[in-house]
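**Student:** return a 3D structure for these sequence lines:
(one chain, ligands or ions: 2)
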Amino acid sequence: MKYIDSLRHILDFECKKGYSNKAVIGGLDKYLHKQVGQIRQDIGDRQLLAEFDNLNLANSNYGSFDINGRKKWIAQIFAWLGKFEQAKKDTLTSPLPLKERNRKSATTTHPPPRLAMNTRVTEMAKSYPERKSAALDSPITVIKGITPRVATKFTKLNIRTIHDFLYLLPRRYVDYSQRKHISELEAGQEQTIIATVWQARVATFGYRPGTEAIVADETGNIRVVWFNQPYLAKRFPTNSRVVISGMVYQFKGLKVFESPEWEMLEDKELIHTARLVPVYPLTQGLYPRQVRKWTKEATDNWAWQVGDFLPSEVKNRCQLLNLPEAVAQIHYPDDQLMAEEAIRRLAFDELFLLQLGVLARKRDWQKSQPGNAFNVDRKIIAMYLHCLPFTLTRAQERVLEEILADLKQPSAMSRLLQGEVGSGKTVIAVLALLIAVANNYQGALMAPTEVLAEQHFNNICGYLSQASTYTLPGEVRPAGEPPPCQEEPTDNIRYYTGLISHPLTIALLVGSLSDSEKQELHHRIKQGKIDIVIGTHALIQKGVSFHKLGLAVTDEQQRFGVLQRSSLRQKGFNPHILVMTATPIPRTMALTLYGDLDLSIIDEMPPGRQQVKTIYIEPQHTEKAYNFIRRQATSGKQAFIICPLIEESEILEAKAATTEYAYLSQEIFPDLRLGLLYGRMPPGDKEKVMRSFREGALDILVSTSVIEVGIDIPNATVMMVEGADRFGLSQLHQFRGRVGRNKEQGYCILISEKSSPETRKRLQLMAEFHNGLALAEKDLELRGPGEFFGTHQSGLPDLKIAKLSDLQLLELARQEAITLFQGDSNLEKPEHQPLRERLSQVWSKDTEWS
Ligand code: ADP
Ligand code: MG
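**Tutor:** Numbers count the residues shown, from 1 in each chain. Ligands and ions are numbered 1, 2, ... in the order given. Predicted coordinates:
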């Protein structure tokens with residue numbers, strides 16, 4: 001108690017000296033600023049400590065007060081000292097001896113040694129003898145001023161507990177740390193002054209009441225106005241001390257603060273002014289000033305309790321702040337540097353937990369059940385390859401071998417196959433599926449759209465029918481015809497004899513089948529009477545269960561998330577999984593988003609492909625583009641015309657496409673054969689249109705963005721995109737990939753009504769870059785990762801603060817996650833328990849573990 005005793009002693013003395021600030025050499029403020037930390041250590045009770053902190057002795061300004069101010073101020077401290085005395089008496093009669101309480105707290109987690117500059121939070125933690133981690137789970141209504149009604153507003157932001165509230169992170173800060181004298185103020189900048197109120201009154205601005213004040217410091221005075229806030233006038237009594245932060249304007253030759261932030265200069269830490277002020281995401285009915293008051297209270301009282309789950313070696317190696325400090329600093333940073341450090345720590349946490357979860361998931365998949373080791377029968381591969389009109393590229397061969405090597409293993413394959421649009425991923429997938437069926441397992445191929453599923457089905461059936469009648473050189477088919485198949489093929493089920501020991505059965509399962517067709521298919525799949533099933537999401541819906549799923553392939557992975565992957569996985573006996581994507585993303589990012597997967601890349605295009613010539617034109621030149629399309633069509637080629645994207649509604653989009661189709665077929669191309677395709681079309685019609693286009697019965701296909709992925713029409717040479725500015729570069733690159741798929745020169749025409757310099761620049765990039773990865777990176781730069789690649793859809797925990805585009809931090813987190821995982825992959829070591837607990841919170845919230 002010796003520090004508190006000497007505080008009392010000095011204050012007594014100061015009163016005796018007539019509040020002359022002479023009780024201690026150098027003045028009271030200097031003494032307090034130095035001693036406050038020690039004094040705090042004498043305070044055992046949380047409530048008392050909080051009240052003591054509210055006195056804000058660490059930033060006292062006693063010397064600047066007049067005598068009345070000084071009296072009032074010292075009286076406040078005495079009031080607190082009185083409470084402290086009382087509490088001390090109470091503790092002596094308390095049922096739980098102090099010693100016992102301290103022992104109890106020793107079992108809870110202590111903060112690890114601190115790294116950083118600011119001592120406030122850790123000191124705070126030190127001086128609390130009792131730490132109840134349960135307090136963090138308390139509802140936010142324990143914060144003064146948060147009523148149950150206010151709490152429901154926070155529920156909208158997904159905030160229920162104190163812990164959630166501490167993680168209500170500022171979106172940004174307003175920098176009001178530039179403190180100036182009034183004479184130094186400059187118009188057009190955000191600045192802060194500390195001043196005395198001369199006069200404040202209600203004033204009218206254009207018939208509306210507001211507040212006008214004149215405030216002054218020793219260098220001059222300035223007018224401050226608040227529009228629409230007449231009630232403020234009462235808040236600024238003459239001679240009160242006030243801090244004003246905001247934009248300074250020049251009005252009729254005089255400087256003025258317009259609707260600035262303000263705060264009375266009291267004995268509390270400033271939170272609205274004179275610092276980096278946090279700006280929070282708000283919902284209706286929550287006001288910035290209130291929210292700041294509450295976050296300040298939360299950080300002061302609870303930040304120190306947040307358990308730091310990162311092992312200290314990780315923190316040391318990566319030079320990260322301690323978590324309590326980061327949490328406190330992210331709300332009310334000491335300065336810009338601390339704000340950045342706090343953000344870095346919390347961002348690291350997110351990425352680190354993400355990677356650990358992904359690694360654990362991969363390990364679990366591989367371990368949970370032994371996978372199925374397949375026998376690789378080269379004969380069936382040779383038979384299929386023989387029927388293709390091309391030979392595999394070297395990259396395709398390499399990737400095929402990587403996949404075959406995986407399939408031979410008794411643990412499940414989890415592989416991501418990444419390859420530029422048109423690099424020939426499908427054939428690799430089909431070969432892997434054939435290996436699965438040759439091993440008497442079922443295979444599934446899941447595509448993002450029905451159109452694409454149908455295309456895969458038709459293509460694969462085409463090749464299978466050739467392969468089934470082909471005899472490898474040196475092979476002899478059993479004499480006579482192959483045993484006839486008992487079943488009649490239907491639109492969505494086909495049979496091919498001669499490839500495996502029984503007729504190979506392949507089926508198409510899409511949402512548009514009739515219920516009875518679907519049920520029949522479900523039944524057969526369950527019975528094991530279907531070998532390969534191709535479909536859309538319908539494949540992973542409830543009701544579909546496989547007899548013996550051995551390999552699941554998902555095409556165009558960017559549309560599928562971890563969740564879908566895991567539900568597909570649950571369909572089988574730990575099947576091998578192959579996911580394919582044409583969206584090239586930087587390797588580290590791929591390894592994070594798909595960290596549960598091994599990576600194979602087809603980095604070579606089939607020979608003879610030419611770069612698709614790409615031009616960007618303004619609408620007034622559309623006529624020329626139409627003429628160009630007509631010439632191509634009359635020479636036997638085909639073209640796509642893509643209608644602008646209408647994000648709000650598929651129905652509106654369909655309508656726009658229908659109108660465009662009518663216009664084009666009646667006014668522009670009455671002499672040509674046009675087809676129309678959009679997402680909501682009756683499925684049978686869709687299939688019919690695609691078939692006619694593929695067979696050359698149509699010259700031009702007018703379509704919405706449903707055509708974006710995968711569609712393969714080798715005879716199409718022109719891709720015209722209207723409203724091109726509405727699409728992302730990666731998406732445009734996908735469109736472009738639909739043409740120039742054989743030896744013919746392909747053309748891509750981008751039309752945009754918007755002709756702002758940015759639009760022009762962005763679309764010009766399409767003409768410049770033909771490499772998907774380069775375009776993806778540009779897209780990332782221009783549109784940010786949120787739009788480019790929301791983690792939301794991928795089924796990963798949401799990133800609130802980390803940016804996937806911060807490759808450096810991503811890489812650091814990944815390395816640390818791998819190191820930790822190698823040393824203790826089950827997180828069994830005692831020092832990893834907090835981490836383990838945090839991990840399960842983060843992952844269970846957003847995903848189901850398989
Ligand atoms: P993506 O990788 O975009 O899915 P696809 O598998 O649809 O590409 O293949 C694009 C086109 O290239 C198809 O028409 C396919 O038959 C053809 N193709 C695939 N591999 C080769 C190859 N090695 N040589 C020539 N053409 C190929
Ligand atoms: Mg494809």
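**Student:** from Ile532, how far off is the closest residue to Glu653 other than its chain neighbours?
**Tutor:** Sequence neighbours aside, Ile646 is the residue nearest to Glu653 in space, at 4.1 Å (criterion: CB to CB, 6 or more residues apart in numbering). No exception for glycine: its C-beta is placed from N, CA and C like everyone else's. Ile646 sits at a distance of 36 Å from Ile532 (criterion: CB to CB, to the nearest Å).
**Student:** which one's more surrounded, those two?
**Tutor:** Counted by other CB atoms under 10 Å, Ile646 and Ile532 do not tie: Ile532 has more neighbours, with 25 against 18.
**Student:** and that one, its phi and psi?
**Tutor:** Per-residue torsions, Ile532: phi -120, psi 130 (degrees, to the nearest 10).
**Student:** hmm, it is touching Met446, no?
**Tutor:** No: between Ile532 and Met446 there is no contact under CB atoms under 8 Å: 11.7 Å.
**Student:** check contacts around Glu184.
**Tutor:** Neighbouring residues of Glu184 by CB atoms under 8 Å, 6 or more residues apart in numbering: Thr219.
**Student:** now the helix or strand that contains Tyr384, how far from the centre of its chain.
**Tutor:** Using DSSP states H and E, Tyr384 sits within helix 378-386. Centre-to-centre, helix 378-386 and its host chain are 43 Å apart (CA atoms, centre = their mean, to the nearest Å).
**Student:** what's the next secondary structure element after it?
**Tutor:** helix 394-407.
**Student:** tilt between that following helix and helix 378-386?
**Tutor:** 150 degrees (axes from the mean of the first three to the mean of the last three CA atoms, to 10 degrees).
**Student:** for helix 394-407, buried residues please.
**Tutor:** 395-396, 398-400, 402-404, 406-407 (16 or more other CB atoms under 10 Å).
**Student:** ok, stretch 639-659 next?
**Tutor:** In stretch 639-659, the ones that count as buried by 16+ other CB under 10 Å are 639-646, 653-654, 656-657.
**Student:** list the contacts of Thr505.
**Tutor:** Thr505 neighbours (CB under 8 Å, 6+ apart): 487, 493-495, 524, 529-532.
**Student:** mark which of these are buried, thanks.
**Tutor:** With burial judged by 16+ other CB under 10 Å, the buried subset of those is 493-495, 524, 529-532.
**Student:** of the residues you listed, just say which sits nearest to Leu337.
**Tutor:** Ranked by distance to Leu337 (CB to CB), the buried ones among the contacts of Thr505 are led by Ile532 at 58.7 Å.
**Student:** pull the CA atoms of stretch 12-22 into PDB?
**Tutor:** The C-alpha trace of stretch 12-22 is given here as PDB (Å, rounded to 0.1, in the frame of the first residue of the first chain):
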ATOM      1  CA  ASP A  12      -2.800  16.400   1.700                       C
ATOM      2  CA  PHE A  13       0.400  18.400   1.500                       C
ATOM      3  CA  GLU A  14      -0.700  20.100  -1.700                       C
ATOM      4  CA  CYS A  15      -4.000  21.200  -0.100                       C
ATOM      5  CA  LYS A  16      -2.000  22.700   2.800                       C
ATOM      6  CA  LYS A  17       0.100  24.600   0.300                       C
ATOM      7  CA  GLY A  18      -3.000  26.300  -1.100                       C
ATOM      8  CA  TYR A  19      -3.100  24.300  -4.400                       C
ATOM      9  CA  SER A  20       0.100  25.900  -5.500                       C
ATOM     10  CA  ASN A  21       1.400  22.800  -7.200                       C
ATOM     11  CA  LYS A  22       4.400  22.900  -5.000                       C
END
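**Student:** pLDDT of that stretch, averaged?
**Tutor:** In this model, stretch 12-22 has an average pLDDT of 83.
**Student:** report the distance from it to the chain centre.
**Tutor:** With CA atoms, centre = their mean as the basis, stretch 12-22 stands 59 Å off its chain's centre.
**Student:** buried residues in that stretch, which are they?
**Tutor:** 14, 19, 21.
**Student:** could I get the pLDDT score of whichever residue of the stretch 601-750 of the chain sits closest to ligand 1?
**Tutor:** In the stretch 601-750 of the chain, the residue that lies nearest ligand 1 is Pro606 (3.1 Å; CB to the nearest ligand atom). What the model reports as pLDDT for Pro606 is 88.
**Student:** with the one 5 residues further on instead?
**Tutor:** If you check Gln611, the pLDDT there is 87.
**Student:** if we ignore the residues flanking it in sequence, what's nearest it?
**Tutor:** Counting by CB to CB, 6+ apart, the residue nearest Gln611 is His770, at 5.1 Å.
**Student:** now for the helix holding Tyr384, which elements pack on it?
**Tutor:** When contacts are defined as 3 or more CB pairs under 8 Å, 6 or more residues apart in numbering; DSSP states H and E, helix 378-386 packs onto helix 426-438, helix 450-468.
**Student:** ok, the residue of the stretch 601-750 of the chain closest to ligand 1 - contacts?
**Tutor:** Applying CB under 8 Å, 6+ apart to Pro606 gives the contacts 390, 393, 422-424.
**Student:** what's the closest of the residues you listed to Leu835?
**Tutor:** Among the contacts of Pro606, Ser423 lies closest to Leu835 (CB to CB), at 40.1 Å.
**Student:** which SS class is the closest one?
**Tutor:** Secondary structure, DSSP: H, G, I helix; E, B strand; the rest coil: Ser423 is coil.
**Student:** how far away is it from Val358?
**Tutor:** Look at Ser423 and Val358: by CB to CB, they are 26 Å apart.
**Student:** pick out the residue of this structure closest to ligand 1.
**Tutor:** Proximity of the chain to ligand 1 (CB to the nearest ligand atom) peaks at Gly424, 2.7 Å away.
**Student:** count residues in the vicinity of that residue, would you?
**Tutor:** Using other CB under 10 Å, the number of residues around Gly424 comes to 19.
**Student:** does it really touch Arg394, like I thought?
**Tutor:** No: if you go by CB under 8 Å, Gly424 and Arg394 don't touch, sitting 11.6 Å apart.
**Student:** so which residues on the chain come close to ligand 1?
**Tutor:** Residues of the chain lying near ligand 1 by CB under 6 Å from any ligand atom: 390, 392-393, 396, 419, 421-427, 582, 606, 710, 712, 714, 741.
**Student:** and the residues you listed, which are buried?
**Tutor:** Buried members of the residues of the chain next to ligand 1, scored by 16+ other CB under 10 Å, are 392-393, 396, 419, 421-427, 582, 606, 710, 741.
**Student:** chain center to stretch 290-309, what's the gap?
**Tutor:** Put simply, stretch 290-309 sits 24 Å off its chain's centre (CA atoms, centre = their mean).
**Student:** avg pLDDT for that stretch?
**Tutor:** On average, stretch 290-309 scores 90.
**Student:** over to stretch 662-681?
**Tutor:** Average pLDDT, stretch 662-681: 92.
**Student:** mind listing what's buried in that stretch?
**Tutor:** 664-665, 668-669, 672, 674-679, 681.
**Student:** model confidence score at the residue nearest to Glu653, please.
**Tutor:** Reported pLDDT for Ile646: 73.
**Student:** I'd say it and Thr659 touch.
**Tutor:** No: using CB under 8 Å, Ile646 is not in contact with Thr659, being 11.7 Å away.
**Student:** biggest strand in the chain, by residue count?
**Tutor:** strand 190-205 (DSSP state E).
**Student:** rewinding a little: from the buried residues of stretch 662-681, which is closest to Phe154?
**Tutor:** Nearest to Phe154 among the buried residues of stretch 662-681, with distances taken as CB to CB, is Gly679, at 37.8 Å.
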